[in-house]
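Generate a structure from the sequence data that follows.
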Amino acid sequence: MMARAARSNNQNAQGQSAQAGQNGQNGQNGQNGQNGQNGQNGQNGQTNQPNRQGRAVYGPQSALTDFLASHNISAAQIRSDAEARRRQAAREDAAQDENGNGESSAAGARSGRRSSRNDNDEASLKRKREEEKKLAKIKESKAFKKRKQRSDLSDDELARALMESNSGPLPGQIEHCEICEKRFTVTPYSAAGPNGGLLCPPCGREIAKEREGGQKRSRRSRQIRVLLEDVAQFKTLAKNVDLADSLGDLPDHLIDKIARMFSKRRLLKPETLPLFVQPGTEDLHIYDGAKLGEQDYISIFQTASKLKNLKIRCGIQFKDEVMDYLLSRDINLETFYLHGANLLSDEKWHKFIQEKGEKLKGIQVYYTDNHFGDETIATLRDHCPNLKRLKVENNQKLTNDGVKTIASLSALEHLGLQLQHKTESDAYIEVVSKIGANLKTLSLKIVPEVDDGLLQAIHEHCRSLSKVRITDSEFMTDQGFADLFTKWANPPLHFVDLQKCRQIDASKPRENPDSVGLCSEGFKALMAHSGEKLQYLNIHACRHISREAFEEVFSEDARYPELKELEISFCEEVTDFILGSIFRSCPKIREVNVFGCMKVKEVRVPRGVILVGVPNAQGMVVEGSHD
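Numbers count the residues shown, from 1 in each chain. Model (predicted):
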């Protein structure tokens, strides 16, 4: 019986590899149970081995490819669909050409058809035989056997799908966009055009927008989008970053989210930088460039020729050589954010501003030590007519004279300064007097010598501010803050940070006879002016605001509909009752910080609110659970 079964299997296989249980002497692919003497791939000496399940060995895949495969989405299927559309478009074009010839050529065509019919039949048979050979070869391949284990398609359907997937451009090859005809690198996620061709990323995004506008997104595509945006998927990508070769055509906000996660895990390095730098990249945010070298920064400008907005944090190796290469390229940055590049000399800063300053709209510089001083600000004045945003922080070279020069930047709308040199009120008053009418945000960190004169200048000249930050002032008074917010023609502020504006006297810390800093009257005037639109408020360490002022501001009838974050740490008069009043008066409140508020003991925190700073058995953070 076993011999007859083996002969039957040999007849049905028609020359294919011998199966388990076959008795042969020269078997080439003999498997379990084979008793061969000269088998090339069989196990010599194996006799009557038990049948075992075949094991598939897979090569490395990117995390995104693995995720799409788990949802039955494959690059091969995408290419197969594109090839099918190409063939359909070709058939339609051929049909139109035949119809367009007209009746005048009908007689001549009949005689031509007779002579060409035989040729067409022979060519068709030849193509069919070649196709059958290809299908038979594919069925014998390892790729077919691996795919067969994971697919429900029949052998013919699966083999044909593999054959068609190999006929189109492969990922990594250069192809011309069907719409704009520009050359681009094909990826597994390249979109298909209306005529069956492939599209470059910009055209693909435009087509996707048109399709989304014309028809509702299917349930499956919506689920995939939600899953792609899930943080868990980004964590999977971060764990398998060495296997990733491209982020495809993900939207900019998702790429930015991945970049943040990479920086948080210290995964941004020379090997992973190409994931974020592509020829069409216009916005690049590097949140941690500590592992990048000089050549890595140069490679950014070699690849991203269309770069417009560049942000680099911890850019220690952004040196003069990198700036020289940037200046040699036809790249016109509109915004430039550079953090920690203290090896970049003043000479290169000046040359950059002189050659690229005309298109520059924003420049933000952090931790430059003894570079970027008064002369650099003067260069900005002379060569940057369109500069709207300037932020200089932790700078050891910019002085009071440089601050006065900022007053000449007539187009400036956003200003932020934190300087190590001692600065006086007169410099800031000059700035606000000349360009205050255009300012939308004003941030002055750690200005202990600045007094009420600046508050008066802001009240008189500023009409468009939405954000104000003035911190660590030791001379501004409660009356100055009250005068600023009383009958101020500026719209309500959205962001206010007045932390550590308070009286400092170690001998009498709780006495404040001169009402130095933000106290009760200034706080009440602030909330009366901006409480309706205020979203963020920081009055950290403004310890001379009284309990009565807090109770009046957050009274039973008071409502602050937009307030989301509140920092009142070390405001000593805050109690459980005041905190409960804050929760009632601010329906959108999400986070309250109360470090150092010793009168806060036990308070019911509403669901969805985080209270930070109250010690408890679980730590310093209380997540609300009360309705």
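
Helices along the stretch 401-550 of the chain, start to end?
425-435, 452-461, 478-485, 520-530, 547-553 (DSSP state H, counting those that start in this stretch).

can you list these in a markdown table and add distance to residue 205, mean pLDDT and mean neighbour count?
(C-beta placed from N, C-alpha, C; glycine too.) Listed next are those as a markdown table, based on distance: least, CB to CB, whole Å; pLDDT from 0 to 100; neighbours: other CB atoms under 10 Å:
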| stretch | distance to residue 205 | mean pLDDT | mean neighbour count |
| --- | --- | --- | --- |
| helix 425-435 | 38 | 97 | 20 |
| helix 452-461 | 43 | 98 | 19 |
| helix 478-485 | 46 | 98 | 22 |
| helix 520-530 | 40 | 98 | 22 |
| helix 547-553 | 48 | 97 | 17 |
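
Out of those helices, which gets nearest to residue 127?
helix 425-435 (74.9 Å; CB to CB).

would a markdown table of the helices of the stretch 401-550 of the chain with distance to residue 502 be doable?
Below are those laid out as a markdown table (distance: least, CB to CB, whole Å):
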| stretch | distance to residue 502 |
| --- | --- |
| helix 425-435 | 18 |
| helix 452-461 | 15 |
| helix 478-485 | 10 |
| helix 520-530 | 11 |
| helix 547-553 | 14 |
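
Any idea which of these gets closest to residue 593?
Comparing these by CB to CB, helix 547-553 comes nearest, at 15.0 Å.

So what touches whichever helix or strand comes after that closest one?
Downstream of helix 547-553, the first helix or strand assigned by DSSP states H and E is strand 565-567. For strand 565-567, contacts defined as CB atoms under 8 Å, 6 or more residues apart in numbering pick out 499, 535-540, 582, 586, 589-593.

Report the central residue of this structure.
residue 256 (1.0 Å; CA atoms, centre = their mean).

List the contacts of the nearest residue to it once chain neighbours are set aside.
Take residue 256 and drop its neighbours on the chain: the residue closest to it by CB to CB, 6 or more residues apart in numbering is residue 285, 5.8 Å away. By CB under 8 Å, 6+ apart, the residues touching residue 285 are 256, 259, 311.

Helix or strand: which one has residue 285?
Counting by DSSP H and E, residue 285 is found in strand 283-286.

What pairs with that strand, parallel or antiparallel?
Strand pairing for strand 283-286, determined by DSSP bridges: strand 309-312 (parallel).

gap between the strand it pairs with and the chain center?
13 Å (CA atoms, centre = their mean, to the nearest Å).

Just the C-alphas of that strand, formatted as CSV.
Extracted in CSV, the C-alpha atoms of strand 309-312 (Å, rounded to 0.1, in the frame of the first residue of the first chain):
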residue,chain,number,x,y,z
ASN,A,309,12.5,76.1,8.5
LEU,A,310,15.4,74.5,10.5
LYS,A,311,15.3,73.8,14.3
ILE,A,312,18.4,72.2,16.0
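
as a whole number, average confidence for it?
Average pLDDT, strand 309-312: 97.

Going by neighbour count, list what's buried in that strand.
By neighbour count with 16 or more other CB atoms under 10 Å, strand 309-312 contains the buried residues 309-312.

The residues you listed: which two are farthest apart?
309 and 312 (11.2 Å).

before we move on, the earlier item: and the next helix or strand along the chain from the strand holding residue 285, what's buried?
Next along the chain after strand 283-286, taking DSSP H and E as the criterion, comes helix 294-303. Within helix 294-303, the residues scored as buried using 16+ other CB under 10 Å are 294, 296-301.

Adding distance to residue 267 and pLDDT, write the residues you listed out as a markdown table.
Shown next, in a markdown table, are these (distance: CB to CB, whole Å; pLDDT from 0 to 100):
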| residue | distance to residue 267 | pLDDT |
| --- | --- | --- |
| 294 | 20 | 95 |
| 296 | 14 | 96 |
| 297 | 18 | 97 |
| 298 | 21 | 96 |
| 299 | 18 | 96 |
| 300 | 17 | 96 |
| 301 | 22 | 96 |
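
okay, the residues you listed in TSV with distance to residue 318 next?
Converted to TSV, the buried residues of helix 294-303 look like this (distance: CB to CB, whole Å):
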residue	distance to residue 318
294	8
296	10
297	6
298	10
299	13
300	10
301	11
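
which one of those residues is nearest residue 562?
residue 300 (39.1 Å).

Give the ranges of residues in the stretch 51-200 of the chain that sit below the confidence cut-off.
51-77, 79, 92-121, 123, 143, 146-147, 149-153, 161-172, 188, 195-196 (pLDDT under 70).

residue contacts, residue 571?
So residue 571 contacts 539-543, 545, 550, 597 (CB under 8 Å, 6+ apart).

could the residues you listed go into CSV alongside distance to residue 345?
Below are the contacts of residue 571 laid out as CSV (distance: CB to CB, whole Å):
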residue, distance to residue 345
539, 41
540, 37
541, 39
542, 41
543, 44
545, 47
550, 51
597, 48
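
Got the confidence number for residue 207?
pLDDT, residue 207: 78.

do the same with residue 265
At residue 265, the predicted lDDT confidence score is 86.

how close does it sit to residue 272?
11 Å (CB to CB, to the nearest Å).

of these two, who's got more company?
residue 272 (16 against 13; other CB atoms under 10 Å).

Check whether that one really touches residue 261, as I assumed.
No. Residue 272 lies out of contact with residue 261 (CB atoms under 8 Å); the separation is 11.5 Å.

mean confidence score for stretch 595-614?
Mean predicted confidence for stretch 595-614 is 93.

and residue 605, what does it touch?
Neighbours of residue 605 in contact, by CB under 8 Å, 6+ apart: 583, 611, 622-626.

Turn these into a markdown table, including neighbour count, secondary structure and distance to residue 145.
Shown next, in a markdown table, are these (neighbours: other CB atoms under 10 Å; DSSP: H, G, I helix; E, B strand; the rest coil; distance: CB to CB, whole Å):
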| residue | neighbour count | secondary structure | distance to residue 145 |
| --- | --- | --- | --- |
| 583 | 19 | helix | 64 |
| 611 | 21 | strand | 60 |
| 622 | 19 | strand | 58 |
| 623 | 11 | strand | 53 |
| 624 | 17 | coil | 57 |
| 625 | 11 | coil | 55 |
| 626 | 10 | strand | 60 |
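
which one of the residues you listed sits closest to residue 460?
residue 583 (37.2 Å).

I figured the closest one hits residue 589, correct?
Yes. Contact criterion CB under 8 Å: residue 583 and residue 589 qualify, at 6.5 Å.

which residues do these two both contact?
residue 609.

picking up where we left off before, select, out of the helices of the stretch 401-550 of the chain, the one closest to residue 200.
Using CB to CB, the nearest of the helices of the stretch 401-550 of the chain to residue 200 is helix 425-435, at 42.7 Å.

Run through the neighbouring helices and strands of that closest one.
Packing contacts for helix 425-435, counted by 3 or more CB pairs under 8 Å, 6 or more residues apart in numbering; DSSP states H and E, involve helix 400-406, helix 452-461.

what does stretch 325-338 rub up against?
Contacts for stretch 325-338 (CB under 8 Å, 6+ apart): 298, 301, 304-305, 307-313, 315, 318, 344, 351-352, 355-356, 359-366, 368, 389.

Now do the buried residues in that stretch.
Buried residues in stretch 325-338, defined by neighbour count with 16+ other CB under 10 Å: 325-326, 331, 333-338.

now the end-to-end length of it.
16 Å (CA to CA, to the nearest Å).

ok, now stretch 342-349?
11 Å.

And the average pLDDT for that stretch is what?
On average, stretch 342-349 scores 95.

Next, the buried residues of it.
Here stretch 342-349 shows 342-344, 346, 348-349 as buried, counting by 16+ other CB under 10 Å.
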